[in-house]
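*Asks:* fold the stuff below for me.
(one chain, ligands or ions: 2)
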Amino acid sequence: MREYHIASIPGDGIGPEVISAGLEVLDAVMARSGEFKLAIEHYDWGSARYRKTGEFIPAGGLEQLKQSDAIYFGAVGAADIPDHISLWGLRLPICQGFDQYANIRPARILPGVTSPLRNVEAGQLDWLIVRENSEGEYAGHGGRAHRGMLEEVATETAIFTRRGVERIMRFAFEQARSRPRKHLTVVTKSNAQRYGLVLWDEVAALVARDFPDVTWDKELVDAMTTRMVRSPASIDTVVATNLHADILSDLAAALAGSLGIAPTGNVDPERRFPSMFEPIHGSAFDLIGKGIANPVASFWTASLMLEHLGEPHAAALLMRAIEQVCGEGVVTPDLGGKATTKEVVRAVCEAIGNA
Ligand code: IPM
Ligand code: MG
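*Replies:* Ligands and ions are numbered 1, 2, ... in the order given. Modelled structure (predicted):
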């Protein structure tokens, strides 16, 4: 039997609720498939540990984490800790330490879910956003000088390297090629940002030559927001810089119905390191402990993880179960339903068992 080691890092906020929901559903998938086993290792990394020890990740932690085949991550962030401390304390050291340079963010309208866009049918909004996940505006380059003085200066440098841009473009063209539409939109801002983003455009055009079977176009990021709203069907696969894709993927999640269903994978395509899968929604303080957090994002995330591990049948089984249950209207309040997290888990487990 195939066996995979999964590091589970539920983290903060509603992370523990949705990750434990996801692990239950993964158990059901394992039982139904009978072909593979997931060995789960539990990590208590998060804000509680930081308050106690001053660290999100204990010494030697990344070395240990590296032994796993994939990471199943909940959320990080707490009301009493500045967001940039928690982000750079936990999530970014994993993304950057494991060179998870490709962030994938699928968005589509699931059955039973209503898009805020009028007259858009499910099939007309089916996107895959590829986010550059290692450099750009999140490279961590910059600094502050003359702190607290009138002369204080702060810089935040966006880093674009030929190697970094080329590898994300190749990945994005490959993703586009694997989807039926075979179309990629390269998002840019090279009209205003004349160095990094002009390099971005040039490398995109070079890489495109190696993918003659993929059609592609270019869109300025501001115009892209309009296009997403006004002609969603013209879009299939999208590649954008770290910050641009951060913003566009929230818009994509909202247009697809809810941030509560949006999944993501921080992927090392070369598989030198484990990749990390997480729901996009984050800690969601207002929902903690209420039992109504939408677990669908963490299920969809689990399906992406199974796909990455090389279990496409199990991934598809889970996705079909999610779609069935959403279609039957067993959904949490963020999607207009009345179900609790537990009720959604039960319904999805049943759908998996009956598949
Ligand atoms: C995301 C989130 C993070 C990001 C936050 C929590 C720092 O918004 O995954 O999209 O900006 O990368
Ligand atoms: Mg974001």
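
*Asks:* which secondary structure elements does the lengthiest helix in the chain contact?
*Replies:* Secondary structure of the chain per DSSP state H: the longest helix is helix 15-33. With contacts taken as 3 or more CB pairs under 8 Å, 6 or more residues apart in numbering; DSSP states H and E, helix 15-33 sits against strand 2-11, strand 36-42, strand 70-75, helix 296-309, helix 312-327, helix 341-354. Every residue, glycine included, has its C-beta placed from N, CA and C.

*Asks:* what ranges do the helices span in the chain?
*Replies:* 15-33, 47-53, 61-65, 83-86, 92-97, 162-178, 196-208, 221-230, 242-255, 296-309, 312-327, 341-354.

*Asks:* ligand 1 is nearest to which of the ones you listed?
*Replies:* helix 242-255 (4.4 Å; CB to the nearest ligand atom).

*Asks:* okay, angle between that closest one and helix 196-208 too, please.
*Replies:* 80 degrees (axes from the mean of the first three to the mean of the last three CA atoms, to 10 degrees).

*Asks:* please compute how far helix 242-255 lies from its chain's middle.
*Replies:* 10 Å (CA atoms, centre = their mean, to the nearest Å).

*Asks:* which residues of the stretch 151-300 of the chain lie near ligand 1?
*Replies:* Residues of the stretch 151-300 of the chain found near ligand 1 (CB under 6 Å from any ligand atom) are Asp246, Ile280, Gly282.

*Asks:* to what extent is Ala208 buried, counted in neighbours?
*Replies:* 16 (other CB atoms under 10 Å).

*Asks:* heads up, I number from 793, so please use that
*Replies:* Got it, the first residue is 793 from now on, which makes the last one we talked about Ala1000.

*Asks:* and the gap between it and Ile896?
*Replies:* Counting by CB to CB, to the nearest Å, the gap from Ala1000 to Ile896 is 20 Å.

*Asks:* equivalent analysis for Val1059, please.
*Replies:* Using CB to CB, Val1059 is found at 6 Å from Ile896.

*Asks:* ok, now which ones touch the residue most central in space within the chain?
*Replies:* Closest to where the C-alpha atoms of the chain average out (CA atoms, centre = their mean) is Thr1056, at 1.8 Å. Contacts for Thr1056 (CB atoms under 8 Å, 6 or more residues apart in numbering) come out as Asn895, Ile896, Arg897, Ser1041, Phe1069, Glu1070, Pro1071, Ile1072, Thr1093, Leu1096.

*Asks:* same deal with Pro885?
*Replies:* Here Pro885 is in contact with Phe848, Ile849, Leu854 (CB under 8 Å, 6+ apart).

*Asks:* most neighbours out of these, which is it?
*Replies:* Phe848 (26 neighbours).

*Asks:* who are the neighbours in contact with that residue?
*Replies:* Phe848 neighbours (CB under 8 Å, 6+ apart): Trp837, Gly838, Ser839, Arg841, Tyr842, Val868, Ser878, Gly881, Leu882, Pro885.

*Asks:* buried set for stretch 795-809?
*Replies:* 796, 798-809 (16 or more other CB atoms under 10 Å).

*Asks:* again, but for stretch 1088-1106
*Replies:* Residues of stretch 1088-1106 classed as buried: 1088-1101, 1103, 1106 (neighbour count, 16+ other CB under 10 Å).

*Asks:* just stretch 924-941 next, same as before
*Replies:* Applying 16+ other CB under 10 Å to stretch 924-941 flags Glu924, Asn925, Ser926, Glu927, Gly928, Glu929, Tyr930, Ala931 as buried.

*Asks:* who touches the residue in the stretch 793-942 of the chain positioned nearest to ligand 1 in this structure?
*Replies:* Nearest to ligand 1 in the stretch 793-942 of the chain, going by CB to the nearest ligand atom, is Leu879, at a distance of 4.6 Å. Residues near Leu879 by CB under 8 Å, 6+ apart: Val868, Gly869.

*Asks:* got a list of what the nearest residue to Glu948 once chain neighbours are set aside touches?
*Replies:* Leaving aside its chain neighbours, Glu948 sits nearest to Gly934 (4.3 Å; criterion: CB to CB, 6 or more residues apart in numbering). By CB under 8 Å, 6+ apart, the contact set of Gly934 is Ala946, Thr947, Glu948, Thr949.

*Asks:* number of nearby residues for the residue nearest to Tyr930 when sequence neighbours are not counted?
*Replies:* Spatial nearest neighbour of Tyr930, excluding adjacent residues (CB to CB, 6+ apart): Asn1034 at 4.3 Å. Look at Asn1034: counted by other CB under 10 Å, it has 20 neighbours.

*Asks:* before we move on, what about Gln985?
*Replies:* 16.

*Asks:* skipping adjacent residues, who's closest to it in space?
*Replies:* Using CB to CB, 6+ apart, the closest residue to Gln985 is Ala950 (7.7 Å).

*Asks:* didn't Ile798 look like it was pressed against Ala831?
*Replies:* Yes - with contact defined as CB atoms under 8 Å, Ile798 counts as touching Ala831 (6.9 Å).

*Asks:* mind checking pLDDT for Ala914?
*Replies:* Listed pLDDT for Ala914 reads 83.
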